[in-house]
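Asks: got a predicted structure plus its sequence, pasted below:
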Amino acid sequence: MSLYGRTVTLVTDNKALQYTFKNPKAKTPARIERMCLRLAQYHFTVKHHPGKGNPADYLNDEIVIPESLYDPVIDIAHDGRQGVKKTKALLRSKVYFPGLDKVVEARLSSCYTCQIKSAAVQHEPCQTSELPSSPWQLIALHFYGSTDSGTYLLVIIDEYSRFVIIQEVNTTALHYVLPKLHESLSLFGIPQIVKTDKAHHLMELNLIIFATIMA
């Protein structure tokens, strides 16, 4: 309220704002326009002061940490044991030093508490599929696409011989795919096992083939 009716000087290190306030009709980003509207009730002149001449601003500027203090600063940020990702985010908001990500990851990889709390990632060993005893006993169904022309490819693979049948379809809708699938099954018969992923259209095809076998 003390600024109403007074002419004051607005000092900024953003030189572009000088011209923005001098030319209100200039096209500016919406964020700047909203700021100008909020300040329109005040009388002021804008003066540019280069940023390099400003005093240290600890609220907005990051503090450059010397190498000798890397570990103590990282330990302070990691005091709550909140993990690597959050620790790095906290450090980036407050400080700066070269190679921050790598230094933090290397430091926290030796954190005994984190190693105890974090469960080790268990990787399942690679396993080969069991080979069927005869051709067309086990087939795999898969959709590829869409292609550049907007169509899909219904891929049928015999797991015994690795023989591949490819049918081009305009859509993965069940009523359209069934005739194409019937063409292939009519050549070699109904397989004993059909392998698909969990895509809903493939699961529906699998159920229909199963119903045909049971019939």
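Replies: Looks like it arrived, so ask away. Numbers count the residues shown, from 1 in each chain.
Asks: can you check the distance spanned by stretch 154-171, start to finish?
Replies: Using C-alpha to C-alpha, to the nearest Å, the end-to-end distance of stretch 154-171 comes to 10 Å.
Asks: residue contacts, the residue nearest to the spatial centre of the chain?
Replies: Nearest residue to the geometric centre of the chain (C-alpha atoms, centre = their mean): Lys85, 14.5 Å. Lys85 makes no contacts at all, as judged by C-beta atoms under 8 Å, 6 or more residues apart in numbering. Heads up, the C-betas are built off the backbone N, CA and C, glycines and all.
Asks: next: Glu62.
Replies: Contacts of Glu62 (C-beta under 8 Å, 6+ apart): 92-96.
Asks: report the separation between it and Leu90.
Replies: 12 Å (C-beta to C-beta, to the nearest Å).
Asks: related to what we said a few turns ago, quick one, phi psi at the residue nearest to the centre of the chain?
Replies: phi -60, psi -50 (degrees, to the nearest 10).
Asks: and the residue nearest to Gln137 when sequence neighbours are not counted, how far is that from Val164?
Replies: Distances taken as C-beta to C-beta, 6 or more residues apart in numbering put Gln192 closest to Gln137, at 5.1 Å, once the chain neighbours are dropped. According to C-beta to C-beta, Gln192 stands 19 Å off from Val164.
Asks: more neighbours: those two, which one.
Replies: Gln192 (13 against 10; other C-beta atoms under 10 Å).
Asks: pLDDT weak spots in the chain?
Replies: 1, 56-60, 118-121, 198-215 (pLDDT under 70).
Asks: got the domain ranges for it?
Replies: 7-53, 63-117, 138-214 (automatic domain parsing).
Asks: tell me which element Leu185 is part of?
Replies: Element membership of Leu185 [criterion: DSSP states H and E] is helix 174-188.
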